[in-house]
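Colleague: My questions concern the predicted model and sequence given below.
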Amino acid sequence: MEKVLAAVRVGPSQTEIREYPMPDIPADSALLKMEVAGICGTDVKLYAHPPNDKHTIMGHENIGYIAKAGREFTRRKGFKEGDLVFVEHYVSCGQCEWCHAGQYRHCENTNWRTNPDAIRYGYTPAEKAPYLWGGFAQYVYLPWNAVVHHVPKGVTPELAGLVTPMANGVEWSLFDGRVGYNSSVLIQGPGQQGLSQTVICKQAGAALVIVTGTSKDAARLEVAKALGADHVINVDEENVLARIMEITHDRGVDVALDCTAGAGTKPILLSIDALKRKGGIMVAQGELSTFPNFPLEKFTVKFITMHSARGHSYQSCELALQQIASRRFPLEKITTHRFGLKDVDLAIKSVGNQGVPGVIHASLMPWQ
């Protein structure tokens with residue numbers, strides 16, 4: 001029987017290469033031959049601090065070719081063998097109110113935090129048949145309710161690997177933050193998410209984009225400028241709020257986006273202070289378990305609207321793919337490194353600045 005190789009998280013910061021049986025593919029399902037699995041900051045956190053003790057094939061930013069497609073899968077979804085596709089990590093039920101509203105990211109079927117039987121690529125334990133629920137493997141199983149997108153012609157699998165952070169950029173900055181023509185935006189954190197937000201905000205017509213980072217982000221801040229940031233600020237060397245007010249002539253910014261992936265209370269407090277005097281919008285990732293002495297009075301007096309950053313939608317993924325295909329921005333500056341399946345441990349740690357230096361977005365290529 002043909003076997004599938006996969007990198008399995010077996011404990012905190014521990015990976016083993018294991019074999020799994022090639023799954024049978026029912027008429028309403030398909031098999032994806034993996035080309036690129038993107039690695040992001042969420043992987044870094046879940047690798048070091050797994051949400052449970054289950055062995056898991058990680059990888060939720062998945063690009064590959066349809067290797068086998070059941071007749072019903074092709075009829076219902078329009079994807080055939082040989083198509084290059086992007087697979088969202090959400091696997092919805094297709095029946096609840098969220099699914100009918102097109103907001104399947106909120107569906108309980110994919111909510112691994114509250115539903116032990118949830119299916120989400122990169123999160124679902126490998127003990128659940130047919131086992132291949134993560135992109136750090138040679139193949140991935142696609143059930144009838146997988147959400148799949150065509151990769152536009154001319155876009156390489158490696159560049160398509162950016163679609164998840166790009167889609168988050170569309171969702172958070174355009175749909176939640178309402179960034180548009182002549183907007184002024186503060187983006188905190190120049191990782192792959194912050195850099196994606198920079199591209200999307202400039203594409204939307206933002207007149208001013210400010211990106212902040214630390215001393216260790218020096219190279220990433222240079223990439224931010226290459227992608228269109230009007231100003232970058234090293235928070236270790238400058239009074240960041242004073243600099244923002246200098247740049248904006250004391251007006252503040254319209255929108256503040258927290259892309260620091262859990263840097264504590266400082267980004268939230270800076271967002272509140274940096275937003276314009278009335279009616280600003282902030283988008284936060286909600287990585288804080290506690291927030292003592294939240295400045296509620298200042299928050300309400302300034303009439304600030306806060307949105308939580310919660311993944312992406314079908315529309316934002318489609319727009320992100322179109323953005324990548326447009327080649328209007330040098331996105332290859334974000335896709336900095338490639339790793340093979342045996343190097344998963346090094347790849348994840350490198351994204352977390354603990355391995356190979358200079359990594360922004362890592363492309364895991366399971367067949368290398």
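Modeller: Arrived safely, thanks for sending. Numbering: from 1, shown residues only.

Colleague: now the end-to-end length of stretch 158-165.
Modeller: By CA to CA, to the nearest Å, the extent of stretch 158-165 from end to end equals 13 Å.

Colleague: Oops, could you answer that again for stretch 251-271 instead?
Modeller: 13 Å.

Colleague: pLDDT weak spots in the protein?
Modeller: For the chain, residues meeting the criterion pLDDT under 70 lie at 1, 262, 286-288.

Colleague: domains in it, as residue ranges please.
Modeller: Annotated domains of the chain cover 3-162+334-365, 165-308 [automatic domain parsing].

Colleague: Turn these into a markdown table, columns for mean neighbour count and distance to Q323.
Modeller: No exception for glycine: its C-beta is placed from N, CA and C like everyone else's. Formatted as a markdown table, the domains of the chain follow (neighbours: other CB atoms under 10 Å; distance: least, CB to CB, whole Å):
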| stretch | mean neighbour count | distance to Q323 |
| --- | --- | --- |
| domain 3-162+334-365 | 19 | 9 |
| domain 165-308 | 20 | 6 |
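
Colleague: Take those and write them to TSV, including distance to S316.
Modeller: What follows is the domains of the chain, written out as TSV (distance: least, CB to CB, whole Å):
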stretch	distance to S316
domain 3-162+334-365	10
domain 165-308	4
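
Colleague: And the ones you listed: which comes nearest Y314?
Modeller: domain 3-162+334-365 (6.3 Å; CB to CB).

Colleague: CA atoms only for the strand or helix carrying V8 - export them in CSV, please.
Modeller: Using DSSP states H and E, the element containing V8 is strand 3-11. Extracted C-alpha coordinates of strand 3-11, given in CSV (Å, rounded to 0.1, in the frame of the first residue of the first chain):
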residue,chain,number,x,y,z
LYS,A,3,2.3,5.6,2.1
VAL,A,4,2.3,9.3,2.7
LEU,A,5,5.1,11.0,4.7
ALA,A,6,4.1,13.7,7.2
ALA,A,7,5.8,15.8,9.8
VAL,A,8,3.9,15.3,13.0
ARG,A,9,4.0,17.5,16.1
VAL,A,10,4.3,15.0,19.0
GLY,A,11,4.9,17.4,21.8
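
Colleague: can you list the residues that contact it?
Modeller: 15-22, 46-47, 50, 53, 55-58, 126, 131-132, 134, 136-139, 341-342, 344, 366 (CB atoms under 8 Å, 6 or more residues apart in numbering).

Colleague: 7 Å - rerun?
Modeller: 15-22, 47, 50, 55-58, 126, 132, 136-139, 341, 344 (CB atoms under 7 Å, 6 or more residues apart in numbering).

Colleague: again, but for stretch 260-270
Modeller: 41, 188-189, 191, 240-241, 258, 284-285, 287-288, 291.

Colleague: Kindly recompute the last result at 6 Å.
Modeller: Contacts with stretch 260-270, where a contact means CB atoms under 6 Å, 6 or more residues apart in numbering, come from 41, 188-189, 258, 287, 291.

Colleague: Pull the distance from it to the chain's centre.
Modeller: Here stretch 260-270 is found 18 Å from its chain centre; the criterion is CA atoms, centre = their mean, to the nearest Å.

Colleague: before we move on, back to that, can you flag which of the contacts of strand 3-11 belong to strands?
Modeller: Under the assignment DSSP state E, the contacts of strand 3-11 contribute 15-21, 139 to strands.

Colleague: The protein: helices as residue ranges?
Modeller: 41-48, 71-77, 97-100, 157-160, 163-169, 192-203, 218-226, 240-247, 266-274, 296-301, 314-326, 344-351 (DSSP state H).

Colleague: what does the third one contact?
Modeller: Residues lying outside helix 97-100 but in contact with it, judged by CB under 6 Å, 6+ apart, are 92-93, 106-107.

Colleague: and which of the residues you listed is nearest D230?
Modeller: Using CB to CB, H106 comes nearest to D230 of these, at 34.5 Å.

Colleague: quick one: contacts for that closest one?
Modeller: Here H106 is in contact with W98 (CB under 6 Å, 6+ apart).

Colleague: make it 10 Å
Modeller: The contact partners of H106, by CB atoms under 10 Å, 6 or more residues apart in numbering, come to 90, 92, 96-99, 310-311.

Colleague: Repeat that for K298.
Modeller: With CB under 10 Å, 6+ apart, K298 has these contacts: 269, 272-273, 304.

Colleague: Can you verify my assumption that H337 contacts V351?
Modeller: Yes: judged on CB atoms under 10 Å, H337 makes contact with V351 at a distance of 8.7 Å.

Colleague: shared neighbours, the two?
Modeller: Counting by CB under 10 Å, 6+ apart, the residues touching both H337 and V351 are 39, 359-362.

Colleague: for V253, which residues make a bridge with it?
Modeller: Taking DSSP bridges as the rule, V253 bridges to L275.

Colleague: From L195, how far out is it?
Modeller: 18 Å (CB to CB, to the nearest Å).

Colleague: got it, and L5?
Modeller: Taken as CB to CB, the span from L5 to L195 is 31 Å.

Colleague: thought A137 was touching P130?
Modeller: No: at 11.5 Å, A137 does not count as touching P130 under the criterion of CB under 10 Å.

Colleague: so what sits against both of these two?
Modeller: Joint contacts of A137 and P130 (CB under 10 Å, 6+ apart) are 4, 20.

Colleague: picking up where we left off before, the strand holding V8 to helix 41-48, inter-axis angle?
Modeller: Angle of strand 3-11 versus helix 41-48, following axes from the mean of the first three to the mean of the last three CA atoms, to 10 degrees, is 70 degrees.
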